Structure formats: C-alpha cells, structure tokens
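**Q** Okay, sequence plus prediction incoming.
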Amino acid sequence: MNNSKIWLSSPHMGGTEQKYVQQAFDANWVAPLGPNVNGFEQDLETYLGNNVKVAALSAGTAAIHLALILSGVQRDDVVLCQSFTFSASANPIAYQGAIPVFIDSEKETWNMCPVALEEAIQENIANGKKPKAIIVVHLYGMPAKMDEIVAVAKKYDIKLIEDAAEALGSTYKGQKCGTFGDFGILSFNGNKIITTSGGGALVCKTDTDKQRAIFLATQARDEAPHYQHSQIGYNYRMSNIVAGIGRGQMEVLDEHIGLRRANNKMYQEIFATIEGVTVFTEPNTNYFSNHWLSCMVMDEKKAGVTANQIRLALLESNIESRPLWKPMHLQPVFKGTAHYGTNFSETLFQTGLCLPSGSNLTSEDKTRIKVAFENIFNGKQ
Ligand SMILES: *Cc1c(COP(=O)(O)O)cnc(C)c1O
C-alpha cells in the first residue's frame, strides 16, 4: 500500500494557475504590480462582497501590521488580541511597540470571548489606557461571535481587525468573514485554503484605506520624480507572479471548501461511535465554517488514550496531526502579558488535535486515516 505522507493541509492547485503566471511572463509583468495583482484584488472584492476594497500583500502578517498602523496603533498603545491563535496574529503588535493584552476563548466557536473582551476594555479604560484596537480571529475557519464582538467594539469605539487568515469563504449569518471589522486580513500561505505560495491581503471598508495601505506597502513614496519620503514605508506588496497563482486558485475556492467540509463530515462519522472524542463543528446554522482544519478534542479518561498518544500513533502510519495552537498568553515570548477570561484555550491546547484536512486528500488517504483510527481505538473502549 502507498505509505506516502498525509499532511494536515498542503497546496492544491486547480490547473489554471500556470496560465495566469505564463501571461505575467509573456507580458514581462514580473514585478510587485501588474494585471494579475489588480485581477486578484478584484476577484477577492467580488467574492467577499459588501463593497470591500482589497489590497494584495506579501503576507497575512504584513496585512495585520498595516491594519494596526491604519488603526493608529503606536508605541505603548494597548491592543486586545485573541489568545488562542497562531503567533502571526500577535507579532505585529510588537512590531509597533504596542502592548498586547490577550483575551481567552468561549466554548462554542473557540474564538474571542465577548464577555472577557468587554471586561478587558473596562479595566484598561479604568487604568487610563483605552485600547486602540481589537484583533479577533476566526480560527480553523470557524467564525467568531461577530454580533457580540462588533457590538462591543462599537460600544467603546475601538477599531476592529478581523484575522480571517484561516477563514476565507467562511460566513456568519451569511456574511463573509473578513468583512465585519474596520479591517480584515487574509493569508495565502502554502498551508491555507488557497495559496499563492506565500501572500496575504488587507480587506478595507473604503478605497481611501486601500490606497493608504498600498502606499505604505510600496515604501511610502511621495509624488515626485525623485525618491522622496515623508514617512516610514514597507515592502509589503504582492508580486504579479504569485497573484497569478491566486487568480487560478479563486476559480476552485468554493469547490475546495466543499471538500474540506466533507472531511469534517468524515471525521464526525469516524468518531460517531467512539466515546470521549468530539469533532469540532458549527454551533448552529448562523455559522458556516470553511473547515480549513478539522479538529478533535478528547476526554482522555473516556477515550482511553491521550491526544499525544493519538498523534504519535498517526505519525507511525505517516499521517500528520498537530496539537491545537498553543495560546499566546502561554508562549515564552509573551511571558508576563495580561490575559483575560477563563483558561479554556489551555484545555483546548492540552486535549485537542488538528487532523489531516486538505482538499486534496484521496480516497486512499481517507481509508488510511480511518484504518489508523480503528487501530488506535481497537480494544481501548
Ligand atoms: C497563517 C496565519 C497568519 C499569517 O499569515 P501569513 O500569510 O503566513 O503571514 C495570521 N493569522 C493566522 C490565524 C494564521 O493562521
């Protein structure tokens, strides 16, 4: 039997990507601007709807950095950030010399708890430090409780940045993730739901913000025949070559979301009769997850095995899995940072696993996954 590595999430090309890349070569648009960049931005604007304006950038991390700058975040400002996330959500706070304050998750969506968020805002205001921005994340593709989060941000008039790096195509009450906040960010890194090999985008509410983002992303050049600069700029623009990959990927995005959602169903079926294992899925029909990664959490006593034992057993069958993301307030690099809410994210980290979720899993891969789990739980329950 084929025993090649089954990955958590690997690039899945649709077939037309090379056509767009070839066009870029043919026209010699091998630069951080060109028709593919404009075309990819238009595709994303159409896809997301809600009249958003999109700036294509070199990475999702760059998009978060620019969102913070455009939100007016400066040195020593407080930024409230979801703790249960990937480090790229929080690192740009440090790039700005600002102070991250981490907010724990609620149990339904695993994302930012609106109650803990409001508590953090009130305490920081009481201490004379009104937060400058909020970074909410739709982790693993699951939409956060956006009605509540948006309401809190509005109530206190604080800029809302939505990290939708893992959630392109997910919706909350029919509206696409990334379009709720003052800014949204997307990632097209190699492991994301669509990829440009590396890249990201900033989703803006106005064309003015989009143009500001592009200005900052292209070294903040003043209008002049010579190189003139009145402020610090960045080299964050997406190249016309990789934007071509993005245009091809947009053609298969919805199909790939369907495949990822089918993976989630498969895991629900695998664990339907197994005690102590819960497959993470939407709390109700307001939420539509792209199920970028399917995740499970365990009650280890009931299951008879630990998450770590499962991870190692899968590895023996050459199947990748990974603990759920380690919360930011527990990361050595953010030691001593303020943290609000329960420690639910730590429980997730200790008892959960991300499972192979690619839209390119073959039926043979799926059989190998099923058999591996059968062997793991055989005789344990
Ligand atoms: C991948 C990711 C990012 C960063 O995106 P890059 O394009 O890799 O810079 C940010 N936030 C989350 C939640 C991510 O998963």
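**A** Okay, I see it. Residues are numbered from 1 along each chain as shown.

**Q** When you work out contacts or count neighbours from here on, use the C-alpha atoms and nothing else.
**A** Will do.

**Q** Next, the buried residues of stretch 20-34.
**A** 20-21, 23-24, 29, 32-34 (16 or more other CA atoms under 10 Å).

**Q** List just the nearest of those to the ligand.
**A** Relative to the ligand, the closest of those is Pro32; by CA to the nearest ligand atom it sits at 16.2 Å.

**Q** Do I have it right that the closest one meets Asn240?
**A** Yes. In terms of CA atoms under 8 Å, Pro32 counts as a neighbour of Asn240; the distance is 5.5 Å.

**Q** Do you have the strands of the stretch 251-381 of the chain handy? List them.
**A** Per DSSP state E, counting those that start in this stretch, the stretch 251-381 of the chain carries strands over the ranges 277-279, 287-288, 294-298, 322-323, 339-340, 352-355.

**Q** I'd like the ones you listed as CSV, with mean pLDDT and mean neighbour count appended.
**A** Written out in CSV, the entries for the strands of the stretch 251-381 of the chain read as follows (pLDDT from 0 to 100; neighbours: other CA atoms under 10 Å):
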stretch, mean pLDDT, mean neighbour count
strand 277-279, 97, 20
strand 287-288, 98, 22
strand 294-298, 97, 23
strand 322-323, 98, 18
strand 339-340, 98, 22
strand 352-355, 98, 24
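
**Q** Does Ser4 touch Ser317 like I think?
**A** No. Here Ser4 lies out of contact with Ser317, judged by CA under 8 Å, at a distance of 9.2 Å.

**Q** and the residue of the stretch 201-350 of the chain nearest the ligand?
**A** When you check the stretch 201-350 of the chain against the ligand by CA to the nearest ligand atom, the closest residue turns out to be Ala201, at 8.4 Å.

**Q** and the nearest residue to that residue once chain neighbours are set aside, what helix or strand is that in?
**A** Using CA to CA, 6 or more residues apart in numbering and skipping the chain neighbours, the partner closest in space to Ala201 is Ala56 (4.4 Å). Assigned by DSSP states H and E, Ala56 belongs to strand 53-57.

**Q** After that strand, which helix or strand is next? Please name it.
**A** For strand 53-57, the succeeding helix or strand toward the C-terminus, using DSSP H and E, is helix 60-70.

**Q** related to what we said a few turns ago, if we look at the ligand, which of the buried residues of stretch 20-34 are close to it?
**A** Within the set of these, contact with the ligand (CA under 6 Å from any ligand atom) is found for no member.

**Q** Please identify the one among these that lies nearest to Ala116.
**A** In terms of CA to CA, no member of these lies closer to Ala116 than Pro32, at 41.0 Å.

**Q** who's in contact with the closest one?
**A** When contacts are counted by CA atoms under 8 Å, 6 or more residues apart in numbering, Pro32 touches 237-240.

**Q** Please report how far Gly190 lies from the ligand.
**A** 8 Å (CA to the nearest ligand atom, to the nearest Å).

**Q** Need the three-state assignment for that residue.
**A** For Gly190, the assignment made with DSSP: H, G, I helix; E, B strand; the rest coil gives coil.

**Q** Next, count neighbours for the closest residue to it other than its chain neighbours.
**A** Spatial nearest neighbour of Gly190, excluding adjacent residues (CA to CA, 6+ apart): Ser197 at 4.9 Å. Counted by other CA atoms under 10 Å, the residues lying close to Ser197 total 15.

**Q** Give me the distance between Ser197 and the ligand.
**A** When distances are taken as CA to the nearest ligand atom, Ser197 and the ligand turn out to be 9 Å apart.

**Q** How about Phe40?
**A** Taken as CA to the nearest ligand atom, the spacing of Phe40 relative to the ligand amounts to 16 Å.

**Q** ok, that residue to Ile245 distance?
**A** Between Phe40 and Ile245 the computed distance is 9 Å (CA to CA, to the nearest Å).

**Q** Right, and the ligand sits closest to which residue of the stretch 101-250 of the chain?
**A** Ser187 (4.0 Å).

**Q** Counting neighbours, what do you get for that residue?
**A** The burial count assigned to Ser187 is 30, neighbours taken as other CA under 10 Å.

**Q** In this structure it contacts Ser58, no?
**A** No. Using CA under 8 Å as the test, Ser187 is too far from Ser58 to be in contact (9.1 Å).

**Q** Just give me the closest of the buried residues of stretch 20-34 to Ser89.
**A** When the buried residues of stretch 20-34 are compared for distance to Ser89 (CA to CA), Pro32 comes out closest, at 24.2 Å.

**Q** Surely that closest one forms part of a strand?
**A** No. The assignment for Pro32 by three-state DSSP gives coil, which leaves it out of any strand.

**Q** Quick check: phi and psi at it.
**A** When read as degrees, to the nearest 10, the backbone of Pro32 gives phi -80, psi 40.

**Q** cool, the one 3 residues further on as well?
**A** Dihedral angles phi and psi of Pro35 (degrees, to the nearest 10) take the values phi -60, psi -30.

**Q** OK, contacts around it?
**A** By CA under 8 Å, 6+ apart, the contact set of Pro35 is 24, 29, 240.

**Q** Check the contact between the first one and Gly244; I expect there is one.
**A** Yes. Between Ala24 and Gly244 there is a contact under CA under 8 Å: 7.5 Å.

**Q** Please state the mean pLDDT value computed over stretch 213-222.
**A** Averaging pLDDT along stretch 213-222 gives 97.

**Q** Pull up the residues of the protein that are close to the ligand.
**A** Going by CA under 6 Å from any ligand atom, the residues of the chain near the ligand are 59-61, 85-86, 88-89, 139, 163, 165-166, 187-189, 199-200.

**Q** The same query, at a cut-off of 8 Å, please.
**A** 58-64, 85-89, 137-140, 163-166, 185-189, 191-192, 198-200 (CA under 8 Å from any ligand atom).

**Q** For PyMOL, write the select line for the buried members of the residues you listed.
**A** Buried residues within the residues of the chain next to the ligand, by 16+ other CA under 10 Å, are selected in PyMOL with:
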select buried, resi 58+59+60+61+62+63+64+85+86+87+89+137+138+139+140+163+164+165+166+185+186+187+188+189+191+192+198+199+200
